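Trainee: No letters, just coordinates:
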């Protein structure tokens, strides 16, 4: 079985939920404290041993790709001023990540975005990371899925148990009913996109982390576009189930929906509180603030 060496980041969206901030700035560059969301996702992939990053981009995303390039002027400025700590941070961004960028010329759905990665991925398994889903965990979330893939093959989808009333916001897995090979791992029969809570086949939602075999590309090529003309990943996964096993894995970690304003703020607060440089002072501020209400 091939090792998972590549991670695909579909990042061509317009970020309309964060307008007007995202009129010019890619939503993936909005920082959680001082680290762009996309960098958090890329770091997760690198920490999991993934070597190559494939961005599926759209118009207006040049600054995001540039963020991972060498910035000679900035590095020279910091070096001359003796700002060694900041210099190390900036250099690490560009030195560690090997980036490939592919333009998705039209927004034709998540499945289409992943299909755009076929020339860069080739005939090997790969990870998919949706950077809107920011996950804090001791072991990188995508690394947990990679380990499951290496042990059981097939394809692995990140699963999260959510309250029944919230299921209509997510894709939801349909278990096959087969015994689980290990705790937290569920063999799949199918999946349903944003079901009504009473119709949901389980309480396990699909979260933006996947490890997929290369056969997903032929499955996506067989999918008919939906009413909006988009190719949906969920449809491709259903097609993949015809000849490949799929699992949902309930990863260990805390997920923030940073594509939503409230989730973005929650992530910012918790990441800030965990910082050695600003955490204690920020915690004192929050105490004073809440005491004054």
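Mentor: Great, that's in hand. Note that the structure is predicted; figures quoted are calculated from it, not measured.
Trainee: Pull the residues that contact stretch 238-245.
Mentor: Under the contact criterion CB atoms under 8 Å, 6 or more residues apart in numbering, stretch 238-245 has outside partners 152-155, 187-191, 212-213, 215-216, 219-220, 222-223, 246. For glycine as for every other residue, the C-beta is placed from the backbone atoms N, C-alpha and C.
Trainee: Which members of these occur in helices, if any?
Mentor: Judged by DSSP state H, helices contain the following of the contacts of stretch 238-245: 152, 215-216, 219-220.
Trainee: Please indicate which of the residues you listed are buried?
Mentor: Buried subset of the ones in helices among the contacts of stretch 238-245 (neighbour count, 16 or more other CB atoms under 10 Å): 152, 215-216, 219-220.
Trainee: ok, so of those, who is nearest residue 128?
Mentor: Nearest to residue 128 out of these is residue 216 (CB to CB; 9.1 Å).
Trainee: which residues touch the closest one?
Mentor: Going by CB under 8 Å, 6+ apart, residue 216 touches 114, 155, 236-237, 240.
Trainee: out of the contacts of stretch 238-245, which are buried?
Mentor: Judged by 16+ other CB under 10 Å, buried ones among the contacts of stretch 238-245: 152, 154-155, 187-188, 191, 212-213, 215-216, 219-220, 223, 246.
Trainee: re earlier: got the contacts of residue 216 as TSV, with distance to residue 40 and pLDDT columns?
Mentor: As requested, the contacts of residue 216 are arranged in TSV below (distance: CB to CB, whole Å; pLDDT from 0 to 100):
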residue	distance to residue 40	pLDDT
114	20	95
155	24	94
236	26	93
237	25	94
240	28	93
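Trainee: Where helices are concerned, which of those count?
Mentor: Among those, the residues falling in helices (DSSP H) are 114, 236-237, 240.
Trainee: out of those residues, who's nearest residue 21?
Mentor: Nearest member of the ones in helices among the contacts of residue 216 to residue 21, counting by CB to CB, is residue 114, at 26.6 Å.
Trainee: pretty sure the closest one is touching residue 10, no?
Mentor: Yes - contact criterion CB atoms under 8 Å: residue 114 and residue 10 qualify, at 6.5 Å.
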